[in-house]
Each structure stands twice: as structure tokens, then as C-alpha cells.
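# Would you be able to build a 3D model of this:
(one chain, ligands or ions: 1)
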Amino acid sequence: MAIPERQIIVCQSFRASGGDPKGLCHKQTDGFLQYIDEEILDRGLDCLVTATTCLKQCESGPILVVYPENWWFKGVNSKDVIDAILDGIEDGAPPEEYLFSS
Ligand code: FES
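Below you'll find the model as predicted:
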């Protein structure tokens, strides 16, 4: 398998100590990893979906990050938001309303 062009990183709240999901993101993203994976296939995007540890932005979660663009999204709590983000990847412009800024 070739190295993917892009990664979509989805916070699943795991903590380094103990490994149990303790943050907030995983509680609002049930089924999202599979949905994103299916949408990537349907859209023909060259992306790898990765579940990750807590991204230390819990108060704005659920958090999703797109690399190499380094787009950080907040409030990714529905498939409609995911669709908007995937549309943004296809269009080359992120949906501004969900972009995270500290
Ligand atoms: S649990 Fe997702 S940012 Fe902390």
C-alpha cells in the first residue's frame, strides 16, 4: 500500500496513562470512524483515518484534524459536520465555521 496523501485524525479520548478513554470526544463520535472511512472510499479520497489520544482541546471537542493541511476542527459531533469537512477537503477550503482557533 502506498503512503496516503492525507490523514484524518479523530480524537477518541485515550489517555497515555492507562489507555482508557476518559475525555469527552469519544462519547459524541460513536460510529464516526466507520462513517468517515466509508465516505473516503465513496469519494475516492486518498486518506487514512486514525483514532488518537486526547488532543488536549477537550472543551472544544469533539476534535478532528486533517493533515498535511493542519486543519483543526471543533464540535465535530454529527455526520453533517463530517460531510462539510470532507467537502472542504475535496474543494481545498475548510468549512470556516468548524475551524478551531485557540
Ligand atoms: S478528549 Fe478529545 S480533545 Fe480531549
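# This structure against the ligand: which residues are in contact?
11, 13, 23-25, 54-58, 61, 63 (CB under 6 Å from any ligand atom). No exception for glycine: its C-beta is placed from N, CA and C like everyone else's.
# Tell me the residue of this protein that sits nearest the ligand?
residue 23 (2.2 Å; CB to the nearest ligand atom).
# What is the neighbour count of that residue?
20 (other CB atoms under 10 Å).
# Make sure residue 97 is indeed in a strand.
No: if the criterion is DSSP: H, G, I helix; E, B strand; the rest coil, then residue 97 is helix and not within a strand.
# Quick check: the gap between it and residue 37.
24 Å (CB to CB, to the nearest Å).
# what sits against the residue nearest the centre of the chain?
With distances taken as CA atoms, centre = their mean, the residue of the chain nearest its centroid is residue 64 (2.8 Å). Taking CB atoms under 8 Å, 6 or more residues apart in numbering, we find residue 64 in contact with 8-11, 72-73, 76, 82, 85.
# try residue 50
Applying CB under 8 Å, 6+ apart, the residues near residue 50 are 7-10.
# Is it possible to get these out as TSV so that each row also shows neighbour count, distance to residue 31 and pLDDT?
Converted to TSV, the contacts of residue 50 look like this (neighbours: other CB atoms under 10 Å; distance: CB to CB, whole Å; pLDDT from 0 to 100):
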residue	neighbour count	distance to residue 31	pLDDT
7	16	20	98
8	25	15	97
9	18	17	97
10	23	11	96
